[in-house]
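Chemist: Structure for this input, please:
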Amino acid sequence: MDRMVKFIRDRIMAALSPTALSPELQARLSTPLQIGNLEVKSRVLQSPLSGVTDLVFRRLVRRYAPESMMYTEMVNATGLHYVKQLPKLMEIDPNERPISIQLFDCRPDFLAEAAQMAVEEGADTVDINMGCPVNKITKNGGGSSLLRQPEIAEEIVRSVVQAVKVPVTVKTRIGWSDKEINAVEFAQRMQDAGAQMLTLHGRTRSQGYNGSARWEWITRVKEVLSIPVIANGDIFSVDAAVRCLEMTGADGVMCSRGTLGYPFLVGEVDYFLKTGLRRQPPTPIERLECARDHLQMLWAYKGDRGIRQARKHMTWYAKGFMGAADLRGKLALVETQEQGEELINRAIAHLAQQGWQTEDASELQLVEV
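Modeler: Here you go, the predicted model:
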C-alpha cells in the first residue's frame, strides 16, 4: 500500500510541477560514473531485488536503460562454497554489460571465494549486501546485521578486494535502528577497507520498508567519502530521483521497488538526467504488453517455475485503469502461459476498444503490491 501511495503521489507532483535540473546537478551528472577502473555511462542503477532481478527482468529494464548498471539477485556465499554447479541466480548474458553480482554472508573467506566465482561468470563488479533487513539473512550474520559488526564487515571487504581485480562495492543502510545509526562511521570503514562505491538505503534495518527514506543521512555520508555514493530509497519517479540528487549530492541513484511492474523507471530517470527531457510514460496498454513479454520470457527461461514467478509480476503491471483490480485477481491464479496471455490480450483489446480511465484513487490505495 505504501508503495502505491508513493507511486500516485509522485506522478501527481510530476504533472503539477515539472522538475528541471539545476545547472550544478546537470554539470555534475554529465560525466560517466567511475567505479574504480570501471566507467559506467549512466548514473542510474537497477537495484538487486531478491526474487525479481533475474536475467529476464534485467533484459526488460535494459530495453529502456541500455547503459545502466544491473545487479543479480543476492547470492549466498556459503551456498556457493558447497555446490558443484553455480545457481541460475548467477547466470549472466554476455551482452548485458555492465553487470554486477551481489553476494551476502558473514564469512570473509567464503565471500572471497564466491567473488572469484562471480568474476569468472563475467561480473564487472562484485557487490556485498550489508543492508538486507530480512530475518533469515540477519540471524545468520549477513545483510544489515553487519552494521552491528563493523570490524567483520571491514574484514570482508578487505578479503574480497584482495581476491578479485574488479571493483568491490557495498550496499547498506543508515543503521540498525534509530538508536544505532552509524552510517557515516560505517561508510568510512568500508572505504578504508577498499570498497570503490557505496550504495546507501536511507532507512534503518528496523524500519524495513516503512516510513520515509531519510535522505539527509546520504548527504552526511557523501560529505565524508571520496568514492561514489549512490542514493537508494523512495526513488519512485523522475521527480523523486532529481529531488534526492539535489538534496544529497549523491553521485547517482538506485531504483528498487519503483521498478516492480514498471521496468521503464530506470530508463526514464536516466533519459531525463542526460537530456533534461521527459520520456512519454507507457500507457496501460503498453504496460500490459510488457507484462505479456515478461510472462513469455519467464516461461521460455524457467518453464512452470517461471509461470509461478510471473504471477506476481503480472499483477504489478496491471494498474491505473478501470478493471485493473479484477484483472490482478485473475492473473494471480494463472497456471499456464496460454491462460496468462489470454487474460492480458483480452484486457488489451478491451482498453483499445473502450479507451482507458484512471482507476478510482480509493481502490488504488487499498491495493497491496
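
Chemist: I figured I156 hits L146, correct?
Modeler: Yes: I156 lies in contact with L146 (C-beta atoms under 8 Å); the separation is 7.4 Å. C-beta coordinates here come from the backbone N, C-alpha and C atoms, glycine included.

Chemist: Compare neighbour counts for those two and give me the winner.
Modeler: I156 (32 against 28; other C-beta atoms under 10 Å).

Chemist: Excluding residues flanking it in the chain, which one is nearest the more buried one?
Modeler: Distance criterion C-beta to C-beta, 6 or more residues apart in numbering; nearest residue to I156, sequence neighbours excluded, is P108 at 4.8 Å.

Chemist: And V161, by the same measure?
Modeler: Spatial nearest neighbour of V161, excluding adjacent residues (C-beta to C-beta, 6+ apart): G194 at 3.7 Å.

Chemist: Ok, N140 next?
Modeler: Nearest one to N140, counting by C-beta to C-beta, 6+ apart, is C106 at 7.0 Å.

Chemist: try F236
Modeler: G258 (4.0 Å).

Chemist: isn't the one you found right next to G233, touching?
Modeler: No: the criterion here is C-beta under 8 Å, and G258 misses it with G233 at 10.3 Å.

Chemist: These two: which is more packed in?
Modeler: Neighbour count, other C-beta under 10 Å: between G258 and G233, G233 has more, with 26 against 23.

Chemist: If we go by neighbour counts, what in stretch 294-311 is buried?
Modeler: If you call a residue buried by 16 or more other C-beta atoms under 10 Å, then stretch 294-311 has these buried ones: 294-299, 301-302, 306-307, 309-311.

Chemist: now for those, which pair is the farthest apart?
Modeler: Y301 and R311 (15.3 Å; C-beta to C-beta).

Chemist: how near is the residue nearest the centre of the chain to I285?
Modeler: Central residue of the chain (C-alpha atoms, centre = their mean): S47, 2.1 Å from the mean position. To I285, S47 is 27 Å away according to C-beta to C-beta, to the nearest Å.

Chemist: next one: F110
Modeler: F110 is 47 Å from I285, by C-beta to C-beta.

Chemist: Of these two, which one has the most company?
Modeler: Neighbours per residue (other C-beta under 10 Å) separate F110 from I285, with F110 holding more: 20 against 16.

Chemist: Sketch out the low-pLDDT regions of the stretch 201-350 of the chain for me.
Modeler: Nowhere does the stretch 201-350 of the chain drop to pLDDT under 70.

Chemist: Helix, strand or coil: sort out Q26 for me.
Modeler: At Q26, secondary structure determined by DSSP: H, G, I helix; E, B strand; the rest coil is helix.

Chemist: quick one, what contacts it?
Modeler: Applying C-beta atoms under 8 Å, 6 or more residues apart in numbering, we find Q26 in contact with G276.

Chemist: could we number from 18 for the rest of this?
Modeler: Happy to do that; since the first residue is 18 now, the last one works out to Q43.

Chemist: picking that back up, if I look at the residue nearest to the centre of the chain, what pLDDT would I see?
Modeler: On the pLDDT scale, S64 is placed at 97.

Chemist: where does the residue nearest to it when sequence neighbours are not counted fall, phi/psi-wise?
Modeler: Counting by C-beta to C-beta, 6+ apart, S273 is the residue found nearest to S64 once chain neighbours are left out, at 3.9 Å. Dihedral angles of S273 (phi, psi; degrees, to the nearest 10) stand at phi -120, psi -100.

Chemist: I'd guessed S273 sits against V61; true?
Modeler: No: between S273 and V61 there is no contact under C-beta under 8 Å: 11.9 Å.

Chemist: Between those two, which has more neighbouring residues?
Modeler: Higher neighbour count among S273 and V61: V61, with 30 against 24, using other C-beta under 10 Å.

Chemist: my guess is the more buried one meets K291, correct?
Modeler: No: using C-beta under 8 Å, V61 makes no contact with K291, being 9.3 Å away.

Chemist: Give me the next element, helix or strand, following the helix or strand hosting L62.
Modeler: For L62, the host element (DSSP states H and E) is strand 61-63. The helix or strand immediately downstream of strand 61-63 is helix 72-81, counting by DSSP H and E.

Chemist: helices or strands next to that following helix in the packing?
Modeler: Helix 72-81 sits against strand 87-88, helix 282-292, helix 301-319, with contacts defined as 3 or more C-beta pairs under 8 Å, 6 or more residues apart in numbering; DSSP states H and E.

Chemist: To G337, which of the ones you listed lies closest?
Modeler: Taking C-beta to C-beta, helix 301-319 is the member of these nearest to G337, at 5.4 Å.

Chemist: which secondary structure elements does that closest one contact?
Modeler: Applying 3+ C-beta pairs under 8 Å, 6+ apart, we find helix 301-319 packed against helix 72-81, helix 321-334, helix 354-371.

Chemist: Could I get those helices in a markdown table, plus columns for distance to R114?
Modeler: Below are the helices and strands packed on helix 301-319 laid out as a markdown table (distance: least, C-beta to C-beta, whole Å):
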| stretch | distance to R114 |
| --- | --- |
| helix 72-81 | 10 |
| helix 321-334 | 24 |
| helix 354-371 | 30 |
